[in-house]
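Colleague: Pasted the sequence and its predicted model underneath.
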Amino acid sequence: MKMAGQEQDRLTLWIPVFFGAGVVLYFARQTEPAVWVAPFFLGSTLCALSLVRQSLLPMMVLSAVAALMAGFATADWRAARVDAPALDRAIRSISIEGILLEKTNRAEGGTRVVIAPTRLGRQMKEGMPARIRINVRTQMDRVQPGDVVSVRAGLMPPPGPAAPGAFDFGRQAYFRQLGAVGYALSPLSHVAPAPNTWSACLRFCVSRLRNDLTERIVTALPPPQGAIAAALMTGDRGGIPESVLQDLRDTGLAHLLAISGLHMALFAGAIFWGVRGLLALLPALALRVPIKKWAAAAALIGGFGYLLISGGSVATQRAFVMFTLIFVAVMLDRPAITMRNVALAAMIVMVLTPEAVMEASFQMSFSAAVALVAFYEASRPWLSRWNSAMAERGLVAKGVLYLGGIALTSIVASLATAPFAAFHFNRVVDFGLVANLAAMPIVGFVVMPASLLAFLAIPFGLEAIPLWAAGQGISLITTVADTVASWPGAITAVPAMPDASLALLIVGGLWMALWSTLLRWMGLIGPLLGITLAMTSPYPDVLVDRDAELVAVRDVNEQLALSASRRAGFSAETWLRRDADLRSQKVAAASLFACDAEGCAARHPDIGLISVPRTWRGLVEDCDEAKIIVTDTYAPLACRVPVIIDRSALQRRGSHALYVDAHMPTGVRVVTACDVSGNRPWTRCRP
């Protein structure tokens, strides 16, 4: 009872947790809820809550239900608010005219643009996708956001998951109002400049400034230094080569590219201490006004500018909200870094963009923040004693203290984000501590200070020297990443885990982080159950991509064998990654499947013959002996194969996964992408 009383002041920390659970509950549904469901239950719960305010337990339960329903209602409202038309079929070639919203140069060449179409073929504005994303083969300097452009392109609806349960780009595209994606068949033409109005400036001036800054940074530094500097300063990561990105991911340094708490702390912190130091040089002013509060206000303004210039990703939003709360606390003489501030930051982000809860950026960003605050809250007494003891022992001891802080931070953040890295990317970094110990001092003492000086120098054309300094630091970081990534065992591949496993890991982690007494250790049950469930989950025996371009069959070595090495590269990469298979696609396609002019076939030890015919003749022949047929055409009704996956099934249900199951009449259990995602506004599922 005493323990419960000690935890009572932390009960409010669970409100954002239940709000987020309500958001997840909305996205987990198989169908769209009726519009009255969430408001009705939320209103009923709030009414009941008003009647039991004097009783703690009923109030706790009803508050949790109210937060759950509020999260559900917010996600439902957001989905209705962003609803926009989308293509329902592929179009091989069509002329597009519209307003350029975004442009990003790509490392492999060309540019990715987002256009708000005003004309699509002969169709005018009504009924067209709100936004279209197109890959253009050439890089374009003349056009800027806000300009009217035209292009001929091939378009398709946003694709669904490459495998049941895999990342759903269609959902992400829906909330970004992307109704079509495609590739340019002609150069992008400049039709007219952006209108010279205040509304146009408010909408596009920041994007134009961001693009101009990116071009100046990339031009001033050699690759990949320029692209990484642009990622750190303007949030544009499109120009970073994939090999460099992979090295950073495999060494736990990819977080440096996501403008988050570290960057905001270094950027806004430098402004805070710089302004405070300058004001302290004026004794007449320093003795009369609260210069600490003035410095906090200046840092807040600078942080907001950094948020705008950097593109405002979820991680950056979280960091800005956190530092807003910190600097406001400084101005109000309140404690700055608390779990309540983290909870409030999470609530603000979830209310504005509830769909972010389902994305890796939100999950990893807030898990690291929660874990770090919880750790330093719990260890504050002995950390304070250690800091005091080390600070009295000279410069070397202070250096050890700094590196120890980096090591502790890296360990805590890595443990907190590891479940999400395993779930979303099927990778766990093994030498992240070493890489972070080597790279973080370079970031803190060289790259970010030089980047801030470059921002200040750009208006005067004096950015060359600070950018050069930042580039030298970036070069050292990429060397660290390349070296550590080359070590044997740098990463551990992790197979795909069920959603329930991640949910158990999250609940257990939050239980340990949000409580402050011995009650927190009950949270260990969650990770134990989650890991057990993940280890006992079955692997698919057959995988079929959404266009029947690629099929994978599990061989006698329990590895996936691909039907082709060059087709459907994204699906192949996704399947191998989710299977914890580090082989290349070429190696995975080198066995099991036998192919001829009629198609391909493979034999599964428990299922039998699996056929992938490419001609009508091959399809008819395989109807006599195959156990499973996968075809990109419509199978004849006379074909009596136990399992047929044809064009109709793929168009209606998306990608397929098949599991050997003796309890099924056909001997296999079929799971489709639509079985997992359901019939939602962002899916194209049909019965």
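Modeller: Nice, thanks for sending it over.
Colleague: what's the neighbour count on residue 81?
Modeller: Using other C-beta atoms under 10 Å, residue 81 is surrounded by 9 other residues. (Each C-beta comes from the backbone N, C-alpha and C, glycine too.)
Colleague: for it, helix, strand, or coil?
Modeller: Secondary structure for residue 81, judged by DSSP: H, G, I helix; E, B strand; the rest coil, is helix.
Colleague: Tell me the strands beside the biggest strand by length in the chain, with direction?
Modeller: Across the chain, the longest stretch assigned as strand under DSSP state E is strand 91-105. Under the criterion DSSP bridges, strand 91-105 sits next to strand 111-120 (antiparallel), strand 148-156 (antiparallel) in its sheet.
Colleague: Let me know how buried residue 596 is, in neighbour terms.
Modeller: By other C-beta under 10 Å, the residues close to residue 596 number 9.
Colleague: how far away is residue 679 from residue 687?
Modeller: Distance check for residue 679 against residue 687: by C-beta to C-beta, to the nearest Å, it reads 8 Å.
Colleague: Select, out of the strands paired with strand 91-105, the one closest to residue 257.
Modeller: Evaluated over the strands paired with strand 91-105, closeness to residue 257 peaks at strand 111-120, with 17.0 Å, by C-beta to C-beta.
Colleague: residue contacts, the residue nearest to residue 472 when sequence neighbours are not counted?
Modeller: Of all residues not flanking residue 472 in the chain, residue 446 sits nearest, at 7.1 Å (C-beta to C-beta, 6 or more residues apart in numbering). Residues counted as contacts of residue 446 (C-beta atoms under 8 Å, 6 or more residues apart in numbering) are 469, 470, 472, 473, 476.
Colleague: ok, then the element right after the helix or strand hosting the first one?
Modeller: Per DSSP states H and E, residue 469 falls inside helix 464-485. The first helix or strand that comes after helix 464-485 along the chain, using DSSP H and E, is strand 491-493.
Colleague: any chance you could map the helices in the stretch 51-200 of the chain?
Modeller: For the stretch 51-200 of the chain, the helices defined by DSSP state H, counting those that start in this stretch cover 56-82, 169-175, 198-220.
Colleague: mind putting those helices in TSV, mean pLDDT and distance to residue 406 included?
Modeller: Formatted as TSV, the helices of the stretch 51-200 of the chain follow (pLDDT from 0 to 100; distance: least, C-beta to C-beta, whole Å):
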stretch	mean pLDDT	distance to residue 406
helix 56-82	92	35
helix 169-175	95	33
helix 198-220	85	27
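Colleague: looking at those helices, which is closest to residue 376?
Modeller: helix 56-82 (26.3 Å).
Colleague: Quick check: which helices or strands does the closest one pack against?
Modeller: Judged by 3 or more C-beta pairs under 8 Å, 6 or more residues apart in numbering; DSSP states H and E, the packing partners of helix 56-82 are helix 14-28, helix 37-51, helix 169-175, helix 339-352.
Colleague: Pull out the buried positions in that helix.
Modeller: Going by neighbour count (16 or more other C-beta atoms under 10 Å), the buried part of helix 56-82 is 59, 62-76, 78-79, 82.
Colleague: Over to stretch 83-94?
Modeller: Buried residues in stretch 83-94, counting neighbours by 16+ other C-beta under 10 Å, are found at 86, 87, 94.
Colleague: what about that stretch, start to end distance?
Modeller: One end of stretch 83-94 sits 24 Å from the other (C-alpha to C-alpha, to the nearest Å).
Colleague: Start at 6, not 1
Modeller: In the new count, where the first residue is 6, that last one comes out as stretch 88-99.
Colleague: Turn the strands paired with strand 96-110 into CSV, including distance to residue 463, mean neighbour count and mean pLDDT.
Modeller: Below are those laid out as CSV (distance: least, C-beta to C-beta, whole Å; neighbours: other C-beta atoms under 10 Å; pLDDT from 0 to 100):
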stretch, distance to residue 463, mean neighbour count, mean pLDDT
strand 116-125, 23, 20, 92
strand 153-161, 27, 19, 94
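Colleague: how much space between the residue of the chain most remote from its centre and residue 176?
Modeller: Ranked by distance from the centre of the chain (C-alpha atoms, centre = their mean), the top residue is residue 289, with 49.6 Å. Separation of residue 289 from residue 176 (C-beta to C-beta) stands at 59 Å.
Colleague: same check, this time on residue 545
Modeller: Counting by C-beta to C-beta, the separation of residue 545 from residue 176 is 21 Å.
Colleague: do the same with residue 373
Modeller: In terms of C-beta to C-beta, residue 373 sits 24 Å off from residue 176.
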